[in-house]
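[1] sequence first, then the predicted structure:
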Amino acid sequence: MLALPQGDASKEDIDTAMKLGASHPMGPFELLDYVGLDTTKFIVDGWHEVDGKNPLFHPSPSLNKLVAENKLGRKTGEGYYKHK
């Protein structure tokens, strides 16, 4: 989630790189949609409370925006990707 707002790569490029380059079955944004963005936000917020100085645990603006819009991933049909 850290590379996306910096504009280093698109979510599609990141997912493809992790699948092809690291042999992961799905990329991180596909996984986030699968797990549920509300669930992910709950976990990240908890980590941030425990270790707020760690940049890995800072809130993600894109994640927060999608959750606020009730775009929670596969369970609502849309998250980082649109699902049928």
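    That came in fine, so what should we check first? Residues are numbered from 1 along each chain as shown.

[2] what is the burial count for residue 14?
    By the criterion of other Cβ atoms under 10 Å, residue 14 has 18 neighbours. Backbone N, C-alpha and C define where each C-beta goes, glycine included.

[3] how about residue 41?
    If we define neighbours as other Cβ under 10 Å, then residue 41 has 19 of them.

[4] from residue 35, how far off is it?
    From residue 41 across to residue 35, the span is 10 Å (Cβ to Cβ, to the nearest Å).

[5] list of residues touching the longest helix along the chain?
    The helix spanning the most residues in the chain, taking DSSP state H as the definition, is helix 37-50. Here helix 37-50 makes contact (Cβ atoms under 8 Å, 6 or more residues apart in numbering) with 32, 54, 56-60, 63-64, 66-67, 71-73, 79-80.

[6] mind listing which of those residues are in helices?
    Reading helices off those with DSSP H, I get 32, 63, 64, 66, 67.

[7] what's the closest non-adjacent residue to the third one?
    The reference is to residue 64. Nearest non-adjacent residue to residue 64, counting by Cβ to Cβ, 6 or more residues apart in numbering: residue 41, 6.8 Å away.
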